[in-house]
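Undergrad: please work out how this folds:
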Amino acid sequence: MEAKVIVLDALKACGLRAEVEFIVNTLPGDRRADVMAWSPKGLQIAFQLQHTSIGLNEIERRASSYASAGIAQIWILFLKSNVWDEGVPRHGGWFIERYSPRTFERWVHGFNGKNGMWMYDPKDKAFWLGRLAGHQTYVEETTWYSEGGEENYGGGFWKYSKRFKELTLDGPFGAEDLLIKVSSRRAFSTSGYNWPAARIANLVPA
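TA: You can find the predicted model right below:
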């Protein structure tokens, strides 16, 4: 709730109409946007502040509902507290070499594409721009002998991990330091993930 109020206050400070837990009557199922804002031209922008895990089917359903209603959307994910223990400073931001993203984090990152994903640190009440990249692990070389006495070799190479990613965080930013930019994306599917054709609201540093 604290994060919702921070977003609400920042939007109102920009002169925009905004409401917390706004109910969209035209949407099926859960119709409540954490924060709904209206652009000067009347475009609705739904802010979803994702504090707890959400299933892949649920986030895809909600995103599709917003898209069908013509509502721009942005998903802001809460940072796990252990990122500060597992990472190191880099280029003024933060870098975690072995980060295990949750399924919905992978979905949001894919939904935003090259823009990355915005994440919220509840401890410092700050926003960070996160980007995931492939993480390589080294498979140690091993030697074994077959029943016929033939020596065999394996490993000795690098491979991309399916579980872990590298996470780079740029920031921190206060809510008052960010502006909203709305763009559109086409529908896209890969590896069990589905993203609808939708309007995406992205945050950009002022």
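Undergrad: quick one: contacts of the worst-scoring helix or strand of the chain on mean pLDDT?
TA: Across the helices and strands of the chain, mean pLDDT, DSSP states H and E gives its lowest value to strand 151-154, namely a mean of 79. When contacts are defined by C-beta atoms under 8 Å, 6 or more residues apart in numbering, strand 151-154 is touched by residues Val139, Glu141, Thr142, Thr143, Trp144, Tyr145, Ser146. To be clear about C-beta, it is placed using only N, CA and C from the backbone, and glycine gets the same treatment.
Undergrad: got the CA positions of stretch 41-58 in PDB?
TA: C-alpha atoms of stretch 41-58 as PDB (Å, rounded to 0.1, in the frame of the first residue of the first chain):
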ATOM      1  CA  LYS A  41      -5.600  13.000 -23.600                       C
ATOM      2  CA  GLY A  42      -7.600  10.600 -21.500                       C
ATOM      3  CA  LEU A  43      -5.600   7.400 -22.100                       C
ATOM      4  CA  GLN A  44      -5.800   5.100 -19.100                       C
ATOM      5  CA  ILE A  45      -2.600   3.700 -17.700                       C
ATOM      6  CA  ALA A  46      -2.700   0.800 -15.200                       C
ATOM      7  CA  PHE A  47       0.200   0.400 -12.700                       C
ATOM      8  CA  GLN A  48       0.500  -3.100 -11.300                       C
ATOM      9  CA  LEU A  49       2.800  -3.300  -8.300                       C
ATOM     10  CA  GLN A  50       3.600  -7.000  -8.000                       C
ATOM     11  CA  HIS A  51       4.600  -7.700  -4.400                       C
ATOM     12  CA  THR A  52       3.800 -11.500  -4.400                       C
ATOM     13  CA  SER A  53       4.300 -14.200  -6.900                       C
ATOM     14  CA  ILE A  54       1.700 -14.500  -9.600                       C
ATOM     15  CA  GLY A  55       1.100 -17.500 -11.900                       C
ATOM     16  CA  LEU A  56       2.000 -17.300 -15.600                       C
ATOM     17  CA  ASN A  57      -1.600 -17.900 -16.700                       C
ATOM     18  CA  GLU A  58      -2.900 -15.200 -14.400                       C
END
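Undergrad: sorry, back to before: next, the buried residues of the helix or strand just after the least confident helix or strand of the chain.
TA: Next helix or strand after strand 151-154 toward the C-terminus (DSSP states H and E): strand 157-173. For strand 157-173, a neighbour-count test (16 or more other C-beta atoms under 10 Å) marks Phe164, Lys165, Glu166, Leu167, Thr168, Leu169, Asp170, Gly171, Pro172, Phe173 as buried.
Undergrad: just put the residues you listed in a markdown table and tack on pLDDT.
TA: Formatted as a markdown table, these follow (pLDDT from 0 to 100):
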| residue | pLDDT |
| --- | --- |
| Phe164 | 90 |
| Lys165 | 95 |
| Glu166 | 95 |
| Leu167 | 97 |
| Thr168 | 97 |
| Leu169 | 97 |
| Asp170 | 96 |
| Gly171 | 93 |
| Pro172 | 96 |
| Phe173 | 97 |
